[in-house]
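Trainee: Next comes the sequence, and after it the predicted model I'd like to discuss.
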Amino acid sequence: MESHGQDFKILHEIRNLGCDNECLCAAAYRLYLHLCEDRYLWNVQYHYSQKLDLIYLTARKQKDSPSEDVYIPVASFDELPMTSIERYQAELAHPDKNGNRCIVLAFCDPSSSVLLYRMTNAIVPLSDKPMSKNKLNKLKALASTSQNKSD
């Protein structure tokens, strides 16, 4: 029962950030739970940009990751104009080594589904995309199998 109390404390803290949009607060809370409990991300924090009137979250994929991703909660039934995405990238995302700015849009559905979409302000070649954990595990398994056969 203690974890439920902590969960509601977080919802209360999100509501007190300064945003008056209850729907956005609920989406941010749902995203927080998703990043912590489903994705197991590190250093998940919620913020409010008064300039954008937006709650957003930051998190690291791994404990020692040098950079954080910026997550923007969006209710699945809300509109999201391209101009808003561009403003979010310009204001919230730090440029990478190539000057590209990336945010993660998190579409939160009332059914508690969360869909994540990474958006950059430029087209990034697939060769620059880091390998997924699944792909890395397959390569390690293949290398291990090859090593065992040669022994």
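Mentor: Noted; the coordinates are in hand.
Trainee: partners of the one helix or strand residue 106 maps to in the sheet?
Mentor: Counting by DSSP states H and E, the element that carries residue 106 is strand 102-108. Sheet pairing for strand 102-108, assigned by DSSP bridges, gives strand 69-75 (parallel), strand 114-120 (antiparallel).
Trainee: Can you say which of those strands is packed in most?
Mentor: Highest mean neighbour count among the strands paired with strand 102-108 (mean count of other Cβ atoms under 10 Å): strand 69-75, with a mean of 22. In this view, the C-beta of every residue, glycine as well, is placed from N, C-alpha and C.
Trainee: Kindly provide the whole-number mean pLDDT of that strand.
Mentor: Averaged across strand 69-75, pLDDT comes to 95.
Trainee: Stretch 112-123 too?
Mentor: 87.
Trainee: so how far is it from its chain's centroid?
Mentor: In terms of Cα atoms, centre = their mean, to the nearest Å, the centre of stretch 112-123 is set 8 Å apart from its chain centre.
Trainee: Quote the end-to-end distance of it.
Mentor: 30 Å (Cα to Cα, to the nearest Å).
Trainee: Longest helix of this structure, counting residues only.
Mentor: When the chain is parsed with DSSP state H, its longest helix is helix 133-150.
Trainee: where do the helices sit along this protein?
Mentor: Using DSSP H, helices in the chain cover 2-15, 22-33, 82-92, 133-150.
Trainee: Quick check: residue 144 vs residue 137, distance?
Mentor: 10 Å (Cβ to Cβ, to the nearest Å).
Trainee: residue contacts, the residue nearest the centre of the chain?
Mentor: Nearest to the geometric centre of the chain sits residue 71, at 3.8 Å (Cα atoms, centre = their mean). For residue 71, the contacting residues are 31, 35, 56, 57, 58, 59, 103, 104, 106, 116, by Cβ atoms under 8 Å, 6 or more residues apart in numbering.
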